[in-house]
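need a 3D model of the following:
(one chain, ligands or ions: 1)
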Amino acid sequence: KIYTSPIIHPQTLKKIGFVVVINDVTEVRKLERIRSDFVANVSHELRTPLTSIQGFVETLRNGAIEDSETRNKFLNIIEFETERLTRLINDILSLSEIENVKEGLITEEVAIDKEINDIFYIIEKSAYNKNIKLIKDLNCDNLKINSNRDRLRQMIINLIDNGIKYTPEGGFVKVTTKKLNNNIIITVEDSGIGIAAENIPRLFERFYRVDKGRSRKLGGTGLGLAIVKHIVESMKGNIAVESEVGKGTKFIIYLPQNKKI
Ligand code: ADP
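Down below sits the predicted model:
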């Protein structure tokens, strides 16, 4: 790895001290590249809905406004794109907040099953609208976890939201909790379109989507899973994915549990 570094000749690597420096430089460069890629991506992601809004406003102004059917159709598109922009900006802010909290997120004792029950109330309507069955199998009744409540909710909501988005009508999304050794395990499983094995390694990258068109149509921002991954890491946990194309997807989160009531 070190010898492929383009800036240092191998002969300068005699002292072990240099090795550390080289790795640091590569790391800094990598971070810089990730940051500048992110800025480029964000600009592109913001520009797309803005261009679309601008185009439809112009067409309306040029006469389409006179026809009520066309007017309604275009206004709906403008509304949809505006909502997507809002979600995108909220997601970018969330990511930057989670990343920038140096001293760690403010935590409290959170009863995991109660939070999931609350989330189900919030999310029931969008599942119902799409004729998707929401199922829960909660087994952490008396367990609390030291966590940031809002982030914990955001993590679970993002996964359930995706389950609903990427599952055709008539399917299900199931949330399970259980305790195993010193971990709380939360799984969010769906009977949806699934993800091909070759796409799984990039799934948690910002703005990565398996099918850009489909994600856009469903109002996705491409940041949901990146946010989930950051939250899981901030809780010193792990996340795994199992999926089969055409069958469904299962996200499994392992959170170290620290207290029992
Ligand atoms: P998006 O806003 O596009 O949904 P995410 O970061 O939440 O962005 O997810 C990234 C991509 O991973 C999605 O575009 C989709 O291709 C894929 N994906 C995420 N969750 C699921 C799921 N439950 N089933 C199938 N594909 C999924």
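
hey, let's count contacts and neighbours off CA atoms from now on
Fine.

give me every residue in the chain lying close to the ligand.
Within the chain, the positions near the ligand by CA under 6 Å from any ligand atom are 162-163, 166, 192-195, 203, 208-211, 215, 220-226, 249.

any low-confidence regions in this structure?
Applying pLDDT under 70 to the chain flags residues 1-24, 102-104, 258-261.

can you pull out the strands in it?
Ranges of strands within the chain are 108-111, 133-138, 143-147, 172-180, 183-190, 238-244, 248-256, 259-260, based on DSSP state E.

the third one to strand 172-180, inter-axis angle?
By that I understand strand 143-147. Here the directions of strand 143-147 and strand 172-180 differ by 90 degrees (axes from the mean of the first three to the mean of the last three CA atoms, to 10 degrees).

partner strands of strand 143-147, with direction?
According to DSSP bridges, strand 143-147 forms sheet pairs with strand 108-111 (antiparallel), strand 259-260 (antiparallel).

relative to strand 183-190, how tilted is that strand?
If you take the same axes, to 10 degrees, strand 143-147 sits at 90 degrees to strand 183-190.

so who does Lys114 touch?
Lys114 makes contact with Asp141, according to CA atoms under 8 Å, 6 or more residues apart in numbering.

any idea how far the ligand is from it?
According to CA to the nearest ligand atom, to the nearest Å, Lys114 and the ligand sit 23 Å apart.

which helix in the chain runs the most residues?
Counting residues, the longest helix found in the chain (DSSP state H) is helix 16-61.

so what does it touch, helix or strand wise?
helix 68-100 (3 or more CA pairs under 8 Å, 6 or more residues apart in numbering; DSSP states H and E).
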